[in-house]
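Student: here's a sequence, model it:
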Amino acid sequence: IFKFLGAISVDLGKDRIKPYLPTILTPLYRELNSNYAEQDPTLKNLSQEIIELLKKLVGLEDFSLAFSSVQKQANQKRAMRKKQRALQTVANPDIAARRKLKRHKNKAETRKRKIESLRPMYKAKRHRSHTLKDLAMVE
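Tutor: Numbers count the residues shown, from 1 in each chain. Predicted coordinates:
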């Protein structure tokens, strides 16, 4: 998709690409600012190359205006999601409590995996549940 966006940008030219610049920059910006553990470095490099291409194509001033609007929009969305999460904690405490328990459980499991990788002889105790639900063969 990034290659397609770059090709379309070059094909349209300087004047016809300007109205579509924020739409094109949105996924590129998202890829550049993502911090996932399994992130593909080739995608990040490709998005950086396309951004450089767009910068040369449209000019620094127009590019900067479009890029700053995309940044502002992303920050607003992030702030809104954070606010929604905080409101949900107050509105639905049971859902928030379940989420918190799940997060703590995952954190403990991660810690055990890390200890096992650092010290291969050590085996961390795993939580064993003996409920009927855990014993049943459920897909």
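Student: which SS class is Tyr122?
Tutor: Here Tyr122 takes the coil state, with states given by DSSP: H, G, I helix; E, B strand; the rest coil.
Student: pLDDT at it, what is it?
Tutor: The predicted local distance difference test score for Tyr122 is 70.
Student: report how many residues lie close to it.
Tutor: Taking other CB atoms under 10 Å as the criterion, the count of residues near Tyr122 is 10. In this view, the C-beta of every residue, glycine as well, is placed from N, C-alpha and C.
Student: start the count at 14, not 1, going forward
Tutor: Done: numbering now begins at 14, and the last item shifts to Tyr135.
Student: and it, what is it in contact with?
Tutor: By CB atoms under 8 Å, 6 or more residues apart in numbering, the residues touching Tyr135 are 128-129.
Student: that one and Asn119: what is the separation?
Tutor: 20 Å (CB to CB, to the nearest Å).
Student: got it, and Ile64?
Tutor: Separation of Ile64 from Asn119 (CB to CB) stands at 35 Å.
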